[in-house]
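Enquirer: for reference, the sequence and a predicted model appear below.
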Amino acid sequence: MSTPHSPSPLRPYPDPDAAPTAPLHSLPPVLPARAVPPRHSSGFGRGLLVLAAIACTACDSAARNPGPGTADSVGVRIVTNDPLSSDATCRAGEEPIFSVGDSEDDENQWFSTIRGMGLLSDGSVAVIDRSSEEVRVFGPDGSHLVSMGRPGDGPGEFRSAWFLWVLPGDTLWVGDYRPWRYNVFTRDGQFVRAVQMMPPYANPSRRGGVLRNGISVNTRTTYVASSNFTVPDTLLLEAHDDEGRLVTTLARVPNMIEGMTAKSEAANLVLNPLFAASAHADAIGSTIATGHGRDPEVRLFGDDLRLRRIVRWSEPSRQVTSAEVSAWRDNYVESRGGRDSDRWGPFDEAIIDPDRPAADVYPAFSSLKLGTDGRLWVAPYRKAGQEARRWMAFEPDGTFSCHLERVPISIHEIGADYVLGIQSDELGVQTVVMYSLGRPQPGTP
């Protein structure tokens, strides 16, 4: 899936009419709370309004006017927050408490691209390396303990290892594709079994995860061919049992809008509107989270696959002005060295094409992540030229917890007292780094 600001190459689209298994519960699908069309495109608004009408059940009706604090509707608690009114913070330690990947003397620490990691119960860390198609486990002191997996199609082998989850007993579930499946190992590297999605997933699940009860939450996208910036594709959030069988479709989230202008057709590019938002999802422990980046709202499901909580927060004005659109295009031209530069070409003309629409509002958030302790972490959207805002944490009950002081890593996993991720040097060499994480420090309420 392309990023909100980036084009993607032309690609075939799967059958948009493929029908998933019907949900086991009557809760509504997740949809953006507001449907505002992008500039110069009224068809998109009509399309989302139709989708919103389908989703407008008693739960959504109550969600639109939750009032201050919390409210209950059909067993779903709605929690509203004002994070910007609080300066409560969570801070990481000054120095890493764990690091692997920076030793030239140990070839087990030579990583090409790290595709996943997870903390085990004894403080060891499991890491996926792309080139070797291995999962390597390192002790708390950074020493290599065991490796599992290798390239191939057989039991315990990987076509392309992708993402990793640690379940009770330090059982490792490692994603692999194509088609999408999980290889399950013990923490000592013994292959247990493969879990194949049924029906099959041709492509990897880009969002979701594996709950501690063995239910995997996987996503696939129903693309809309030739929508011309009018109809978003749909992210299907699906739950599979521990044998890989489809149990239910948890949510259908309108995702990204795509289209082509005359200039992008000449460059063979599919574009998103400028500042477009996308759907997000995560799953770990006993919680599933999903939301659309357009709106400051995340829905939380329990491991019984039922919607339990809606977390909302206030955001400052996010209206996109024509001056901001023009400034973004001017900055892009400058970043490429100008339109007379040798680097400039049809690709760039498509990127700044005035016929490429822009969203009416900036996204509210660009990423979400569930902590192993049940907290929800949300990364606010960063406008071009602005300093990144801090991640926001919400307690399991949905109330705001703290702002995360910046950590110099790409975060993969957050726990009650640690943050684990990737640190890259100026040459692009990756290391796995973990910092201690303090509990929220009281600030201004």
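Expert: Thanks, I have the structure now.
Enquirer: any regions of the chain where pLDDT drops low?
Expert: Within the chain, the set of residues satisfying pLDDT under 70 comprises 1-73, 225-227, 443-445.
Enquirer: from Gln386, how far off is Asp82?
Expert: Per C-beta to C-beta, to the nearest Å, Asp82 is found 20 Å from Gln386. C-beta: built from backbone N, CA, C; applies to glycine.
Enquirer: who's more crowded, these two?
Expert: Neighbour comparison, Asp82 and Gln386: the larger count goes to Asp82, with 13 against 8 (by other C-beta atoms under 10 Å).
Enquirer: OK, contacts around that one?
Expert: By C-beta atoms under 8 Å, 6 or more residues apart in numbering, Asp82 lies in contact with 313-314, 400.
Enquirer: what about 7 Å?
Expert: With contact set as C-beta atoms under 7 Å, 6 or more residues apart in numbering, Asp82 has these partners: 313-314.
Enquirer: now it: how far from Thr248?
Expert: Distance from Asp82 to Thr248, by C-beta to C-beta: 34 Å.
Enquirer: and if you look at Val146?
Expert: Distance from Val146 to Thr248, counting by C-beta to C-beta: 36 Å.
Enquirer: again with Glu334
Expert: 49 Å.
Enquirer: higher neighbour count, those two?
Expert: Between Glu334 and Thr248, Thr248 has the larger neighbour count (other C-beta under 10 Å), namely 19 against 9.
Enquirer: who does that one bridge with?
Expert: For Thr248, the beta-bridge partners are Ala239 (DSSP bridges).
Enquirer: thought it was touching Leu237?
Expert: No - using C-beta atoms under 7 Å, Thr248 makes no contact with Leu237, being 9.6 Å away.
Enquirer: quick one: Ala384 and Trp328 touch, right?
Expert: Yes - applying C-beta under 7 Å, one finds Ala384 in contact with Trp328, separated by 5.6 Å.
Enquirer: between those two, point out the one with more neighbours.
Expert: Trp328 (20 against 13).
Enquirer: and the more buried one, what is it in contact with?
Expert: 274, 384.
Enquirer: for it, give me phi and psi.
Expert: phi -60, psi -40 (degrees, to the nearest 10).
Enquirer: distance of it relative to Asp340?
Expert: Applying C-beta to C-beta, the value for Trp328 to Asp340 is 20 Å.
Enquirer: show me the contacts for the nearest residue to Asp355 once chain neighbours are set aside.
Expert: Nearest residue to Asp355, sequence neighbours excluded (C-beta to C-beta, 6 or more residues apart in numbering): Thr261, at 4.2 Å. Neighbouring residues of Thr261 by C-beta under 7 Å, 6+ apart: 271, 350, 353, 355-356.
Enquirer: can you pick the most crowded of the residues you listed?
Expert: For the contacts of Thr261, the largest neighbour count, defined by other C-beta under 10 Å, is 26 neighbours, found at Leu271.
Enquirer: who touches that residue in this structure?
Expert: Shown in contact with Leu271 (C-beta under 7 Å, 6+ apart): 7, 258-261, 264, 350, 356.
Enquirer: which ones are touching Val127?
Expert: The contact partners of Val127, by C-beta under 7 Å, 6+ apart, come to 114, 117, 136, 138, 432.
Enquirer: if you set the cut-off to 6 Å instead, what comes out?
Expert: 117, 136, 432 (C-beta atoms under 6 Å, 6 or more residues apart in numbering).
Enquirer: assign the residue most central in space within the chain to helix, strand or coil.
Expert: In the chain, the residue lying closest to the centroid (C-alpha atoms, centre = their mean) is His280, at 4.6 Å. Three-state assignment for His280 (DSSP: H, G, I helix; E, B strand; the rest coil): strand.
Enquirer: much appreciated, bye for now.
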